[in-house]
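# compute the structure for the input listed below.
(2 chains)
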Amino acid sequence: MTNPLSERRDSPRVRRLVKLLLPIGGTDEVVFATDVSRSGLFLRSTVIPRLGSQITLLFPTPTSRELRVRLEGIVIRHVRRGDPVQPLGGMGIQLNRLISPRGVGPARNAVKTLLGDGAPTVQGSMHTAVVLELPQFVNAEVEASEIGIEEAPIELSRALAVNRPVFCRWDNMVVKATLARLGLRQAILTHLSMVPSPGDNLTVRLLSAPGSGRPGIQLSGHIDQVHRDPGKGAVVSLALAPLKEQSDPGGLRRFLRAMLAESQ
Amino acid sequence: MKEQGTHMMPLRPVTILVVEDSPDDTAILMDAVHAARLVNPVHFVVDGEAALDYVRGHGEYTDRHRHPAPGLVFLDINLPKVNGLDVLKKLREDPATRSLPVVMLTVSNSDEDVLRSYELETVVYIQKPVTADNLSSVVQSLQQFQLALVEPAA
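Numbering: from 1, shown residues only, chains lettered A, B, ... in the order given. Modelled structure (predicted):
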């Protein structure tokens, strides 16, 4: 069985065991980062925030919390206990930022702790807070070749906010939903009135909005996570098939470029 | 279950109304109902006008003991007298039936039909033939999202 994280990792991973703290519910849960790459990590944790949750992870030192390096990211995957690759279970985190209140020194140490000898060079001030936008470390060549533009679309290493109505088809049913976020490898759908099952193949159609100049798209993949939110109905993570296997890769490229342009 | 000072009323499954003019599709749907082991009573009508009369309790459907008010409707798009989308539109225009869950059934895959159905707030759109899994999914999903498919017994 393949590693549930392998097909969505943007850059090489390193096996680490890094102790971090996850502030949640008023306490700091001890968690361990394993399988660290430049864009994310797997977190062994008994506390599993919801898919799509923004989380903050703290390095455990120094004593004063305000001075600790912290990581900010999004929960993009849940892995159940008993999984053949990650038997203790946990969650996949897409990292967005590293913040070092005490300057570049602790930031370098943190990056080296996470990535070991392969850690990239970190530049910044020695004396003021440093914020690293982590997608800078993503292997930009992969994304550029995927959608055929010269500049590295680093924003696509994280799913862009879309928030448009779509129609989802699985088996013989068509259900309306909201395409909340879209990246190259993942889509997050909300407000589904019917609940697909993990493993179901889904086709999502976003019809062109009349007069908007925005194209419609179709994308397909399989459901890898489902959870139910009283306010959002079913929330579904769709693991997208590679771009070249989509039925309309050109349309999807154009759509992603358009969304990228809007976000800048 | 009974708590002191409260009375737990027994629940009963709501009635499902199927609006379908094709005998073959009706037979397939009945098979799906049996295969899905639904306990809900299922009533059938064969055209859009009868569907509206049934839901409103008009004409031959005034006796609610024989024709209980539906809590879920499976509605074919292509119907005689009044087509399915027009039936849905009229249901949504009436405050008494605006929130009635409706599942559209069709052989059509056209964007226009799908769009129009969702503009009129259908719950889900199913391309025929309807399967037992479809019925189970609909019933289960509606229950999870608190569209009650059970009501207190009178």
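# so what pairs up with A:N201 in the strands?
According to DSSP bridges, the residues that bridge with A:N201 are A:H222.
# and it, how many neighbours?
As a burial measure, A:N201 scores 14 neighbours (other C-beta atoms under 10 Å in any protein chain shown). C-beta here means a position set from N, CA and C on the backbone, and glycine is covered the same way.
# now do the contacts for it.
Contact partners of A:N201, counting by C-beta atoms under 8 Å, 6 or more residues apart in numbering or on different chains, are A:170, A:220-222.
# where do the helices sit along chain B?
Using DSSP state H, the helices found in chain B span residues B:23-36, B:48-56, B:84-93, B:111-119, B:132-144.
# out of those helices, which is closest to A:V104?
If you check each of the helices of chain B against A:V104 by C-beta to C-beta, helix B:132-144 wins as the nearest, at 49.7 Å.
# ok, the longest strand along chain B: who's next to it in the sheet?
Longest strand in chain B by number of residues (criterion: DSSP state E): strand B:70-76. Take DSSP bridges as the rule and strand B:70-76 pairs in its sheet with strand B:15-19 (parallel), strand B:102-106 (parallel).
# can you put the ones you listed in CSV and add mean pLDDT and mean neighbour count?
Shown next, in CSV, are the strands paired with strand B:70-76 (pLDDT from 0 to 100; neighbours: other C-beta atoms under 10 Å in any protein chain shown):
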stretch, mean pLDDT, mean neighbour count
strand B:15-19, 92, 24
strand B:102-106, 90, 24
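# look up which helix or strand A:L238 falls in, please.
strand A:233-240 (DSSP states H and E).
# assign A:A177 to helix, strand or coil.
Assigned state for A:A177: strand (three-state reduction, DSSP: H, G, I helix; E, B strand; the rest coil).
# that one reaches A:N163, doesn't it?
No - taking contacts as C-beta atoms under 8 Å, A:A177 lies outside contact range of A:N163: 11.3 Å.
# ok, these two, which is more surrounded?
Ranked by neighbour count (other C-beta under 10 Å), A:A177 and A:N163 place A:A177 first, with 23 against 11.
# in contact with that one, which residues?
So A:A177 contacts A:165-168, A:189-192, A:204, A:236 (C-beta under 8 Å, 6+ apart).
# please redo it, this time with the cut-off set to 10 Å
When contacts are counted by C-beta atoms under 10 Å, 6 or more residues apart in numbering or on different chains, A:A177 touches A:164-168, A:187, A:189-194, A:202, A:204, A:233-236.
# the helix or strand hosting A:R169: how far from the chain's middle?
A:R169 is part of strand A:160-170, with elements assigned from DSSP H and E. Taking the mean of its C-alpha atoms, strand A:160-170 sits 17 Å from the chain's own mean (C-alpha atoms, centre = their mean, to the nearest Å).
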